[in-house]
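> Any chance you can model this:
(chains A and B)
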Amino acid sequence: MAYVRWSRYFLPTWKEEPAEADLPSHKLMLRAGLIRPLAAGIYTYLPLGWRALRKVEAIVREEMDAIGGAELHMPVVHPAELWAKTGRLVDAGEILIRFQDRAGREMVLGPTHEEVVTDLARREIQSWRQLPLMLYQIQTKFRDEPRSRGGLVRVREFTMKDGYSFHEDLADLDRYYPEVYQAYLRIFRRCGLATVPVEADSGMMGGTGSHEFMLASEHGEDTFVRCEGCGYAANREGAVAAKDADLDEALRAVEEVATPGCETIEAVARALGVPTSKTAKAVFYRAAGEVVFVVVRGDLEVNEAKLARVLGAGDLRPATEDDIRATGAVPGYASPIGVTGARVVVDDSIAGARNLVAGANREGFHLRNVNFGRDFQASVVADVALARDGDRCLRCGGTLRVERGIELGHIFKLGTKYSQALEATFLDREGRARPLVMGCYGIGIGRLLAAVLEAHHDRDGIVWPGSVAPFHVLVAVLNPKEPEPLAYAASVAEHLAQAGLDVLLDDRERTAGEKFHDAKLLGIPVLAVIGPRGLRKGEVDLERRRDGARTPVRASLDVIATSVQDMLRAESS
RNA sequence: CGGGGCGUAGCGCAGCUCGGAAGCGCACCUGCUUUGGGAGCAGGGGGUCGCUGGUUCAAAUCCAGUCGCCCCGACCA
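Down below sits the predicted model:
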């Protein structure tokens, strides 16, 4: 393997912070010459970025192969007709980029490949003897996201590892799913990332289980909940928390009180001198053409994902004032008592509380001592509240923490949604045709690369984990204009490359200072400095990026090679 | 899609309030001197001020529209 000469490579670095970037990973990718933007959420990978991406891909490939995955490559362009069959031409909506080919056929760019892979399975899988099967690819996806952000954290065109498994029944999917789960943990760990697997909302997909792999990061765009005690973790949409019931109080008689100008829970609670947890909050939504009246304890917020699941509705949006008035409720003073013309969803926090303050359905008035069951009824009682930081864990009673994170992977028990829609069946052991049971598993490769940088950088630049570093060692010649040091550095680079290392030789005619700064910016694990000072003493300096530790070693090719390899081994352990 | 910000040389920015010769730093090119932590001197090249229209004797600057990018939110199979 040959080494790369920087002077003939394409590796532009920036001294200044780019104005367009906020996230550390985004700034570093631009400054260290990994990526360049073309349009919103669409990037070119420069040679160095592409190298790093391929390192990540190689790890993903190894781990997928290790759990029996067979790599294939499906098309980017799909006939829209296939998407119409599963209903996702409409459901995937605006993220699907659509166009016509010259014959006027409707086409889409694939945002994911359930349709295509299921179509393939329909044609090729006939018998239970062909199962189970895991197919995966590492391929370009396009999703016309409403908003890209954070460099490679959320883009429109991206590289994704998407895998799809096929099983004869749910039991076999249940058996295989944990293997993928473990493979995912290994992939992220090998990339130097400690991820948190969180239970994800299986939502409208109707599956039986789903996990997201989150990297905790203040710059993450997702929110998840983690228990300090038992390790329970779930994404915000699905997280459950204990709600202390307080049913000891005796029921008191309802009493109307004047609360002029108190249109928020905080104002009411303050005016009446009660904690917000002793109030009932009314929140209105419109779903599937009807108005929904949701009642939660005043100190809680409605979790719209949970509510949508309870209602079985996909199109949840806040109700208008007119919607609210149509139910007979008075905005700001809404009461669940005597409401008609709306479905009433009561959070279980309300069912577990006594003598609450609620609206009186009369401008400027509230009611004291309102009790669920006695004073009002519900269409549904369910958990529709958002878990909060500091809440108690339902499982162990420990403390729940709300954290931000970057979602690196998502695995999903799909069931038969796609196989049924596309009639992908096989003959089981009894000779009956049954739909294939499927799982799907995704990792955003570029996002994973961005996450590596979020987790591995310092003030001066990137600090690559050895496993995904675009090069293992950077050989810097401080005076490349002089023939002997350059020739010597080239022989060092050559020797290191022969030893199986990825070597970048900085033979640019730049000042020593620039080379040292760029070396830190690039973050290659080991820097070998070849300069006149060291050479006079018969030494080459090795510098470890992680902690800046410098070791002079004898300037002999074999000594340098072993020393570099020792340092790299120490890196990866 | 709602809110906010920004478009002036490759990058970072000033100039715009109050219209009157397009600037600064870095980078780049040439030469010389430097060469172990972003060197010095001298010389030089590079800009339809995002775009369109309007006001004006005169527009980077004022007005209208439009496009693009970034951030917050909504959304996120």
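
> which residues sit in contact with A:A183?
Contacts for A:A183 (Cβ atoms under 8 Å, 6 or more residues apart in numbering) come out as A:E63, A:M64, A:A66, A:I67. Backbone N, C-alpha and C define where each C-beta goes, glycine included.

> how far away is it from RNA strand B?
Separation of A:A183 from RNA strand B (Cβ to the nearest atom of the strand, to the nearest Å) stands at 17 Å.

> That residue and A:A234, how far apart?
From A:A183 over to A:A234 the distance is 21 Å, taken as Cβ to Cβ, to the nearest Å.

> Next: A:H457.
29 Å.

> go on, A:L11?
A:L11 is 42 Å from A:A234, by Cβ to Cβ.

> which stretches of chain A have low pLDDT?
Filtered on pLDDT under 70, chain A yields the residue ranges A:201-208, A:313-315, A:573.

> care to break it down by domain?
A:53-74+A:113-234+A:402-453, A:255-382, A:471-572 (automatic domain parsing).

> which residues sit in contact with A:L38?
Contacts of A:L38 by Cβ under 8 Å, 6+ apart are A:T44.

> ok, 10 Å please
Shown in contact with A:L38 (Cβ atoms under 10 Å, 6 or more residues apart in numbering): A:T44, A:E157.

> Which secondary structure state does it sit in?
Following DSSP: H, G, I helix; E, B strand; the rest coil, A:L38 is assigned to strand.

> From A:T44, how far off is it?
A:L38 is 6 Å from A:T44, by Cβ to Cβ.

> Which secondary structure state does the residue in the stretch 451-573 of chain A that RNA strand B sits nearest to sit in?
Ranked by Cβ to the nearest atom of the strand, the top residue of the stretch 451-573 of chain A for proximity to RNA strand B is A:G513, at 2.0 Å. The three-state label given to A:G513 by three-state DSSP is helix.

> And for it, the neighbour number?
Neighbourhood size, A:G513 [other Cβ atoms under 10 Å]: 9.

> Distance of it relative to A:A493?
Taking Cβ to Cβ, one finds A:G513 at 22 Å from A:A493.

> And the strands in the stretch 151-300 of chain A?
With DSSP state E, counting those that start in this stretch as the criterion, the stretch 151-300 of chain A has strands at A:157-167, A:196-199, A:209-216, A:222-227, A:233-235, A:255-258, A:280-287, A:290-297.

> Would you reformat these as TSV and include distance to RNA strand B and mean neighbour count?
Formatted as TSV, these follow (distance: least, Cβ to the nearest atom of the strand, whole Å; neighbours: other Cβ atoms under 10 Å):
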stretch	distance to RNA strand B	mean neighbour count
strand A:157-167	6	24
strand A:196-199	14	19
strand A:209-216	9	22
strand A:222-227	6	22
strand A:233-235	10	21
strand A:255-258	34	12
strand A:280-287	11	22
strand A:290-297	15	24
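
> between the ones you listed, which one is nearest to A:A476?
A:A476 lies closest, by Cβ to Cβ, to one member of those: strand A:157-167, at 31.0 Å.

> What pairs with that closest one, parallel or antiparallel?
When pairs are called by DSSP bridges, strand A:157-167 turns out to pair with strand A:133-142 (antiparallel), strand A:437-444 (antiparallel).

> which of those strands is buried the deepest?
strand A:437-444 (a mean of 24; mean count of other Cβ atoms under 10 Å).

> After that one, which helix or strand is next? Please name it.
helix A:445-455 (DSSP states H and E).

> Report all helices and strands that the following helix or strand past that following helix contacts.
Going down the chain from helix A:445-455, the next helix or strand is strand A:457-458, by DSSP H and E. Applying 3 or more Cβ pairs under 10 Å, 6 or more residues apart in numbering; DSSP states H and E, one finds that strand A:457-458 contacts helix A:24-31.

> Can you pull the residues of the stretch 451-573 of chain A lying near RNA strand B?
Residues of the stretch 451-573 of chain A found near RNA strand B (Cβ under 7 Å from any atom of the strand) are A:478-479, A:481, A:510-514, A:516-521, A:529-535, A:541, A:543, A:550.

> which residues does A:G68 contact?
A:G68 touches A:P132, A:L133, A:M134, A:S165, A:Y176, A:E179, A:A183, counting by Cβ under 10 Å, 6+ apart.

> Just the helices from the stretch 451-573 of chain A, written as ranges.
A:483-498, A:512-522, A:532-536, A:557-572 (DSSP state H, counting those that start in this stretch).

> Between those helices, which one is closest to A:V346.
helix A:557-572 (54.7 Å).

> how distant is the closest one from the center of its chain?
Here the centre of helix A:557-572 is set off from its chain's centre by 35 Å, with Cα atoms, centre = their mean, to the nearest Å.

> And stretch A:114-132, by the same measure?
So, by Cα atoms, centre = their mean, the centroid of stretch A:114-132 is 28 Å from its chain's centroid.

> now stretch A:138-158
Computed by Cα atoms, centre = their mean, the chain-centroid distance of stretch A:138-158 equals 12 Å.

> Can I get that stretch in PDB, CA atoms only?
C-alpha atoms of stretch A:138-158 as PDB (Å, rounded to 0.1, in the frame of the first residue of the first chain):
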ATOM      1  CA  ILE A 138     -24.600   0.700   2.200                       C
ATOM      2  CA  GLN A 139     -26.200   3.200  -0.200                       C
ATOM      3  CA  THR A 140     -27.200   6.700  -1.000                       C
ATOM      4  CA  LYS A 141     -30.600   7.900   0.200                       C
ATOM      5  CA  PHE A 142     -32.400  11.000  -0.600                       C
ATOM      6  CA  ARG A 143     -35.000  12.600   1.700                       C
ATOM      7  CA  ASP A 144     -36.300  16.000   1.000                       C
ATOM      8  CA  GLU A 145     -36.300  17.000   4.600                       C
ATOM      9  CA  PRO A 146     -38.100  20.200   5.600                       C
ATOM     10  CA  ARG A 147     -35.000  21.300   7.300                       C
ATOM     11  CA  SER A 148     -31.400  20.000   7.200                       C
ATOM     12  CA  ARG A 149     -29.100  21.000  10.000                       C
ATOM     13  CA  GLY A 150     -25.800  20.600  11.800                       C
ATOM     14  CA  GLY A 151     -23.600  19.700   8.900                       C
ATOM     15  CA  LEU A 152     -23.800  15.900   8.500                       C
ATOM     16  CA  VAL A 153     -26.100  15.400  11.400                       C
ATOM     17  CA  ARG A 154     -29.200  15.900   9.300                       C
ATOM     18  CA  VAL A 155     -28.900  16.100   5.600                       C
ATOM     19  CA  ARG A 156     -31.100  15.400   2.600                       C
ATOM     20  CA  GLU A 157     -28.700  13.200   0.600                       C
ATOM     21  CA  PHE A 158     -26.800  10.700   2.800                       C
END
